[in-house]
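Enquirer: what's the 3D shape of this:
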Amino acid sequence: MIRNKYFIYCTIMCLCANVFNYGRIIEDKRLISANLVFKAYIPAKLSFWGIFVWEHIHVLGLITLETSMDILIFTVVSLTIIQIKMLKLEIKKIFEDGAGSDSDFGEQMRKCNEHHTLILRYEY
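Expert: Predicted structure coming up:
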């Protein structure tokens, strides 16, 4: 499930980046500095396409950095959601079984309380 979310995220991000970078050139059909990835001066000795390729090296670095940060945040949020679902199932199990003694119930609730505190403090 998480792998599919990563794949969908990367697909959407690449599609948006391609439309942003190449859409201006396709729509405008002019090789001017406003259509580059970053606005830049184009000297007479260098071609538009040379600078365009050169800027892509920096764009790849930025995309890698942004993607890794997004995936890190997405993973932390996903793992927190999984922990909360596990806690919810533990609590349901305690109240659905109901046949245990008071000391057993208290011990299970103490474990759930510790698990909840762990989630709130992010002490993984």
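Enquirer: C-terminal to the top helix by length along the chain, what's the next element?
Expert: Longest helix in the chain, counting residues (DSSP state H): helix 48-97. Toward the C-terminus, helix 48-97 is succeeded by helix 102-121 as the next helix or strand (DSSP states H and E).
Enquirer: what's that next one packed up against?
Expert: Contact partners of helix 102-121 among helices and strands, from 3 or more CB pairs under 8 Å, 6 or more residues apart in numbering; DSSP states H and E: helix 48-97. For every residue, glycine as well, the C-beta is placed using N, CA and C.
Enquirer: Show me which residues of the worst-scoring helix or strand of the chain on mean pLDDT are buried.
Expert: Counting by mean pLDDT, DSSP states H and E, the chain has its least confident helix or strand at helix 2-28, which shows a mean of 79. Residues of helix 2-28 classed as buried by neighbour count (16 or more other CB atoms under 10 Å): 21, 24.
Enquirer: one step back: just the angle between the longest helix of the chain and helix 102-121, please?
Expert: With axes from the mean of the first three to the mean of the last three CA atoms, to 10 degrees as the basis, helix 48-97 and helix 102-121 are set at 170 degrees to each other.
Enquirer: If you count contacts, what does helix 48-97 end up packed against?
Expert: By 3+ CB pairs under 8 Å, 6+ apart, helix 48-97 packs against helix 2-28, helix 102-121.
Enquirer: just how off-centre is the longest one within its chain?
Expert: Same thing as helix 2-28. 15 Å (CA atoms, centre = their mean, to the nearest Å).
Enquirer: The last one too?
Expert: Taking CA atoms, centre = their mean, one finds helix 102-121 lying 31 Å from the centre of the chain it belongs to.
Enquirer: For that helix, buried residues please.
Expert: 108, 112, 115, 119.
Enquirer: For the nearest residue to Ile25 once chain neighbours are set aside, list the residues it contacts.
Expert: Take Ile25 and drop its neighbours on the chain: the residue closest to it by CB to CB, 6 or more residues apart in numbering is Asn35, 5.1 Å away. Residues counted as contacts of Asn35 (CB atoms under 8 Å, 6 or more residues apart in numbering) are 24-25, 28, 48.
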